[in-house]
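Asker: This is the structure alone, sequence omitted:
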């Protein structure tokens with residue numbers, strides 16, 4: 001895997017442990033020979049990812065909608081940066097460039113990114129690894145909600161095989177290294 005997309009929060013109001021784990025993840029990915037695709041932001045998890053990649057002299061590929069320039073939220077040493085007209089085009093380019101996805105703790109945007117890549121995988125549009133970095137159990141409530149959706153018949157239990165959960169950056173890397181593709185047809189299986 002050459003390019004790992006890391007999704008995560010842009011908030012500066014979060015516990016520093018989430019930033020530390022994101023930076024550690026980015027450093028580990030670079031040491032393993034990967035470039036990092038990210039949202040090009042300077043705040044929160046995105047900023048921590050950029051710092052981690054820079055600390056290891058790695059390759060950063062940032063993708064941002066052009067209106068973020070006016071908001072002054074982009075990191076200044078972002079490596080390669082591509083500006084898109086819309087958030088939709090931003091995500092599409094990130095998804096296209098990535099060989100795998102690691103989803104760190106985040107808010108609405110991060111949750112939306114996770115659900116988009118898992119939906120696309122469920123629909124057979126890609127077979128890339130999707131890993132939730134579940135620092136301090138951050139994603140436990142979401143996983144419980146998904147279990148409830150399975151229990152109530154809104155989705156197949158097979159959805160849980162489309163992603164994995166890692167508690168640490170090291171576990172995330174091990175899951176990337178040992179990835180076995182899984183797919184199913186939600187309309188036939």
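Answerer: Okay, I see it. Nothing here was measured: the structure is a model prediction, and the numbers come from that model.

Asker: doesn't residue 115 make contact with residue 142?
Answerer: No. Applying Cβ atoms under 8 Å, one finds residue 142 not in contact with residue 115, separated by 9.5 Å. From N, CA and C alone the C-beta is placed, and that goes for glycine too.

Asker: Mind jotting down where the helices sit in the protein?
Answerer: Along the chain, the segments classed as helices by DSSP state H run 16-31, 44-55, 67-71, 87-97, 108-122, 140-151, 169-177.

Asker: lowest-confidence helix or strand of the chain?
Answerer: Ranked by mean pLDDT, DSSP states H and E, the helix or strand of the chain with the weakest confidence is helix 67-71, at a mean of 85.

Asker: Show me the contact partners of that one.
Answerer: Residues outside helix 67-71 that contact it (Cβ atoms under 8 Å, 6 or more residues apart in numbering) are 40-41, 74, 83.

Asker: pLDDT check: weakest of those residues?
Answerer: In this model, the minimum pLDDT among those belongs to residue 74 (82).

Asker: quick one: that residue and residue 66 touch, right?
Answerer: No. Using Cβ under 8 Å, residue 74 and residue 66 do not qualify as a contacting pair, with a distance of 10.2 Å.

Asker: If you rank the contacts of helix 67-71 by neighbours, which is first?
Answerer: residue 40 (28 neighbours; other Cβ atoms under 10 Å).

Asker: Just the pLDDT for the residue lying closest to residue 83 once chain neighbours are set aside.
Answerer: Once flanking residues are discounted, residue 83 sits nearest to residue 66: 4.3 Å by Cβ to Cβ, 6 or more residues apart in numbering. pLDDT recorded at residue 66 is 91.

Asker: Residue 66: what's it in contact with?
Answerer: Contacts for residue 66 (Cβ under 8 Å, 6+ apart) come out as 83-85.

Asker: Would you mind checking which of those is nearest to residue 2?
Answerer: Nearest to residue 2 among the contacts of residue 66: residue 84, at 21.3 Å, using Cβ to Cβ.

Asker: count of neighbours near the closest residue to that closest one other than its chain neighbours?
Answerer: Spatial nearest neighbour of residue 84, excluding adjacent residues (Cβ to Cβ, 6+ apart): residue 90 at 4.6 Å. Around residue 90 there are 22 other residues, counting by other Cβ under 10 Å.

Asker: Same check on residue 123?
Answerer: 12.

Asker: just residue 7 next, same as before
Answerer: Other residues near residue 7 number 29, with proximity taken as other Cβ under 10 Å.

Asker: Quick one: residues contacting it.
Answerer: Per Cβ under 8 Å, 6+ apart, neighbours of residue 7: 38-39, 101-104, 106, 109-110, 113-114.

Asker: cool, residue 61 as well?
Answerer: For residue 61, the contact set (Cβ under 8 Å, 6+ apart) comprises 3, 35-38, 79-80, 82, 97.
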